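In: Can you look at this prediction? I've put the sequence above it.
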Amino acid sequence: MEELEASIDELMPTEEQVVCYLCSKKVASARTIPRTNMRLCESCVGKGLKSNALVEVLFVKVKEILNSRLGMANILTRNLELEKLQEGELGYYSLLSGRIHLSSGMRIVLLMGVVAHEYAHAWQAKGWDDVHKNLGYYRLTAEGFAVWVEYKFFEILELRDVSELILAAHNDFYQTGFRAWRELEEKKGTDYALKAARDGTFVVSR
């Protein structure tokens, strides 16, 4: 994961003489997350976040972007937990509790992508009926949609290279689901794909 995070960090543009969004220090140069007001000093870019308060700030930012650009209206308020997860696990959304659980210590850009991914699960599950949920809400369909949203999120931020890095980091199962949603979007459009995700009319099969 550290190699992936370092590669992502290098793709962020640099600005000079700014105040860091997280630590509020005035620095000579900072990394910028495009399409946002988030400018980060090299120290904050390189360290993992372990503060619930800071992660909540990022959570709000991610939801604002997904709502304004994709129409994925806010359905969660403060339902987010930082914790120590199993090795290799970055996060998950619990249908039972309605909470997003995130691995503590991820760097900011990767963390935002994971939040977008898990929020997509929560948003999609909100519109699905009990039949879908009882079937594990069709895991390939759901994971493919979440990866697609994560990919779209970084496209919106004009970080296409980050999208490709994160997509490549997912295993074949996730990529298979993603490709199905990407193909649906190309054929029918983004709005159609989002509606199909919410009402359960599109199912991905191997």
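Out: Nice, thanks for sending it over.
In: hey, let's count contacts and neighbours off CA atoms from now on
Out: OK.
In: In this protein, mark out all the strands, start to finish.
Out: 14-19, 26-32, 39-40, 80-83, 91-94, 99-103 (DSSP state E).
In: closest to residue 139 out of these?
Out: Across the strands of the chain, residue 139 has its closest neighbour in strand 91-94 (12.4 Å, C-alpha to C-alpha).
In: how about the nearest residue to residue 81, chain neighbours excluded?
Out: residue 101 (4.8 Å; C-alpha to C-alpha, 6 or more residues apart in numbering).
In: what sits opposite that neighbour in the beta ladder?
Out: Beta bridges link residue 101 to residue 81, residue 92, judged by DSSP bridges.
In: And it, how far from residue 146?
Out: 15 Å (C-alpha to C-alpha, to the nearest Å).
In: Neighbour count: the two, which is higher?
Out: Comparing residue 101 with residue 146 by other C-alpha atoms under 10 Å, the one with more neighbours is residue 146, at 27 against 20.
In: confidence score at the closest residue to the more buried one other than its chain neighbours?
Out: With C-alpha to C-alpha, 6+ apart as the criterion, residue 146 has its nearest non-adjacent residue at 4.7 Å, and that residue is residue 117. On the pLDDT scale, residue 117 is placed at 95.
In: if we can go back for a sec, and the strands of the chain: which comes nearest residue 188?
Out: strand 91-94 (27.8 Å).
In: for the closest one, which positions count as buried?
Out: Neighbour-count burial for strand 91-94 flags 91-93 (criterion: 16 or more other C-alpha atoms under 10 Å).
In: for the strands of the chain, which one ends up most surrounded?
Out: strand 39-40 (a mean of 26; mean count of other C-alpha atoms under 10 Å).
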